[in-house]
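In: Predicted model and sequence follow; I will ask about them next.
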Amino acid sequence: MIQEEKYEVAVIGAGAAGLCAATVCASAGRNTLVVDREEHPGGILRQCIHSGFGLRYFKEELTGPEYAERVAEKAERAGVRFRFGTTVVSIRRETDGALCLTSLSTAEGVRIIRADAVILAMGCRERTRGNLAVPGSRPAGVFTAGAAQRLLNIEGILPGKKAVIAGSGDIGLIMARRLTWAGIRVEAVVEIMPYPAGLTRNIVQCLDDFHIPLLLEHSLVNILGHGRVEAVEVAPLSRGVPVTERKFRIDCDTVLFSVGLIPENELSAEAGVELNPATGGPLVDSSYETGVPGIFACGNVLHVHDLVDFVSEEAEHAARMVLRRLDGSDGGSGQFPVRAESNLKYVVPNRFLPGCGTRFAFRSLIVCDDGVLEAEQNGKILLSKRFSCVRPAEMLTLEVPGSLLKEPGELKFRLRKGEEI
Amino acid sequence: MKKRDLICISCPFGCRLHAEWSGTFEELKITGNRCPRGAAYADRELRNPARIVTAVVRSTSAEHPWLPVRTDRELPKPLIDALLNRLYRMRVEVPVSRGDILIENFENSSVNVIFSSTTTR
Ligand SMILES: Cc1cc2nc3c(=O)[nH]c(=O)nc-3n(C[C@H](O)[C@H](O)[C@H](O)COP(=O)(O)OP(=O)(O)OC[C@H]3O[C@@H](n4cnc5c(N)ncnc54)[C@H](O)[C@@H]3O)c2cc1C
Ligand code: SF4
């Protein structure tokens, strides 16, 4: 028999975003459920055993599991209900306006969960080699960096003896140190761009500490081996094209791909939520409400964050908006579009409400040591802020007070390099 | 005169530092830093480089056969390999609580190894 239950707020995902959002809703007395397909709370944090989390949110440097347990304990104390080992397979809107989730679990089968508001907090997944189309055979020993992290840190399985890492994103860098400390030799990290994708801190502490070469402007052009990886071929790039005459071989039995993350939005898209091609996450208004009334989004499902602290802050903010909505505010009407222009990859949120102060988050497309971020509306600059250090790897934020956001009309943001002094 | 190039990681700028010294860091001269934190960073990196170490240790739990652990402060770099070897040979009994001490005062470094998560069974 199909079981049914009803909550005021249903949260999909028990990572940092889902836990922090649920805590706010339950603390306000709302009957709140969190559903996660895993057996434990924490999401991706559980496998991130390294430290570097929580400096902002907890004012302490924590490991991923510590951060996860702390936010999970807060949620439990607030009275959040949990359903683990349960995957949400669809979200629908009923004719009476209520939202309706269908979930599956091996223990309890199909369950229908009705809710007045749904918070999407499904996180992101890794891009794979398939997304990149690296040629070569398909031998064993090829992993995404995150999958290797899970193998090593949760299951205690060593993926190989000698590794090459493709892509210099933070997960790949963290894994270079992790593999080295586990006795696996990391031969090189190969990056197609002229600068590393990850944070400088990780370049220094995860590569330089172990003298692991970082091959910038190089590409993995082939994976060799039958049954198991035996070597890779790497070539330097000239104007983005591999110079195959200069390719060389690196012997290894393991290849990790660390080439970026994509918000996990199949479920959202099927529910009719419109996605932003620039983020891969839903388009949201200043209440973090998606185009489908009653469905909100926060955390990595909305846009990929580099710091979990920002995930927690965003989730709490989104949850406060959910509460306002449940208290009867009329939601997204009367909002105006927000656009990211020159040198910005994206802006979140994508709409604003006149008179209402809003914090915007951005990703830069450029590297510079003196950037000026400007907010413009109806031909007037409303606000500008200098950033002494702009990197695509680090999210930028700008708080625009309600007193400046009075007028209707499209709001545009752009980033320019500051004038030399 | 000895020299070394370093990258400061105290803030996202990542200033490229150049250090020169003689003997055992008498007259240590640091250039390239935009602010005093850079000099302090280089000083520490040269005299006593230390890192937070994290790892997993084998446990008796069927549900969580590997438990995450960390040093409670930065461990001097020369001791890292010895600590990892010791951790990889251990097998711990559950239950354990987050913050419990697994190894106390490792090699008289005044650094402890603690559990990063709570495991009841
Ligand atoms: C390898 C790695 C290293 C990082 N290092 C750092 C660092 O050093 N410092 C730092 O501050 N940040 C770091 N981050 C970033 C930070 O950890 C993440 O941004 C943050 O934890 C994401 O939280 P989230 O809740 O949005 O997503 P997640 O933690 O991914 O949680 C999503 C949850 O949703 C569940 N889920 C998804 N779909 C469904 C479904 N259909 N039904 C049920 N459940 C579902 C998943 O099981 C998962 O538990 C790192 C991230 C990664 C991946
Ligand atoms: S020297 Fe100062 S400005 Fe430069 S990276 Fe270090 S802390 Fe930042």
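Out: Cool, got the structure. Ligands and ions are numbered 1, 2, ... in the order given.

In: Can you mark which positions in the helix or strand of chain B with the lowest mean pLDDT are buried?
Out: Scoring the helices and strands of chain B by mean pLDDT, DSSP states H and E places strand B:26-31 at the bottom, with a mean of 88. The neighbour-count check on strand B:26-31 (16 or more other CB atoms under 10 Å in any protein chain shown) flags B:28, B:30 as buried. Glycine gets a C-beta too; all of them are placed from N, C-alpha and C.

In: and residue A:82, what element?
Out: Using DSSP states H and E, residue A:82 falls within strand A:81-83.

In: contacting residues around that strand?
Out: A:7, A:14, A:31-36, A:41, A:75, A:103, A:105, A:111 (CB atoms under 8 Å, 6 or more residues apart in numbering or on different chains).

In: do the same with stretch B:81-101
Out: With contacts defined as CB under 8 Å, 6+ apart, stretch B:81-101 is touched by A:65-66, A:69, A:181, B:53, B:55, B:57-61, B:64, B:67, B:69, B:71, B:75, B:102-103, B:106-107, B:112-121.

In: dump the residue contacts of the residue nearest the centre of chain B.
Out: Note on chain B: the residue nearest the mean C-alpha position is residue B:51, at 1.9 Å, using CA atoms, centre = their mean. For residue B:51, the contact set (CB under 8 Å, 6+ apart) comprises A:205, A:209, B:74, B:75, B:77, B:80.

In: Not including adjacent chain positions, what is the nearest residue to the last one?
Out: What it means is residue B:80. Of all residues not flanking residue B:80 in the chain, residue B:53 sits nearest, at 5.7 Å (CB to CB, 6 or more residues apart in numbering or on different chains).

In: Can you tell me which of the contacts of residue B:51 is closest to ligand 1?
Out: Closest to ligand 1 out of the contacts of residue B:51 is residue A:205 (10.9 Å), distances taken as CB to the nearest ligand atom.

In: Helix, strand, or coil at the closest one?
Out: helix (DSSP: H, G, I helix; E, B strand; the rest coil).

In: Now do it against chain B, distance only.
Out: 7 Å (CB to the nearest CB, to the nearest Å).

In: Tell me how many other residues surround that residue.
Out: Neighbour count for residue A:205, taken as other CB atoms under 10 Å in any protein chain shown: 19.

In: Show the contacting residues for it.
Out: Counting by CB under 8 Å, 6+ apart, residue A:205 has contacts A:177, B:9, B:51.

In: can you do 6 Å?
Out: Shown in contact with residue A:205 (CB atoms under 6 Å, 6 or more residues apart in numbering or on different chains): no residues.

In: Skip the chain neighbours and tell me the closest residue to the closest residue to ligand 2 within the stretch 1-150 of chain A.
Out: Closest residue of the stretch 1-150 of chain A to ligand 2, CB to the nearest ligand atom: residue A:55 (14.6 Å). Spatial nearest neighbour of residue A:55, excluding adjacent residues (CB to CB, 6+ apart): residue A:61 at 5.5 Å.

In: State the pLDDT value of the one you found.
Out: For residue A:61, the pLDDT comes out at 93.

In: do the same with residue A:50
Out: Residue A:50 is assigned a pLDDT of 97 by the prediction.

In: The closest residue to ligand 2 within chain B: what's its closest spatial neighbour, skipping adjacent residues?
Out: Nearest residue of chain B to ligand 2: residue B:38, at 2.4 Å (CB to the nearest ligand atom). On the basis of CB to CB, 6+ apart, the spatially nearest residue to residue B:38 that is not a chain neighbour turns out to be residue B:8, at 4.3 Å.

In: which ones are touching the one you found?
Out: Residue B:8 sits next to B:15, B:17, B:38, B:41 when contact means CB under 6 Å, 6+ apart.

In: SS state for the second one?
Out: When classified by three-state DSSP, residue B:17 comes out as strand.

In: ok, what's across the strand from it?
Out: Beta bridges link residue B:17 to residue B:6, judged by DSSP bridges.

In: From ligand 2, how far off is residue A:238?
Out: From residue A:238 across to ligand 2, the span is 32 Å (CB to the nearest ligand atom, to the nearest Å).

In: what's that residue in contact with, if anything?
Out: Residue A:238 neighbours (CB under 6 Å, 6+ apart): none.

In: related to what we said a few turns ago, I'd like to know how far the residue nearest to residue B:38 sits from ligand 1.
Out: Counting by CB to the nearest ligand atom, the gap from residue B:8 to ligand 1 is 18 Å.

In: And that residue, its phi and psi?
Out: Here is the backbone geometry of residue B:8 (degrees, to the nearest 10): phi -70, psi 130.

In: okay, now the residue of the stretch 1-150 of chain A closest to ligand 2: neighbour count?
Out: 13.
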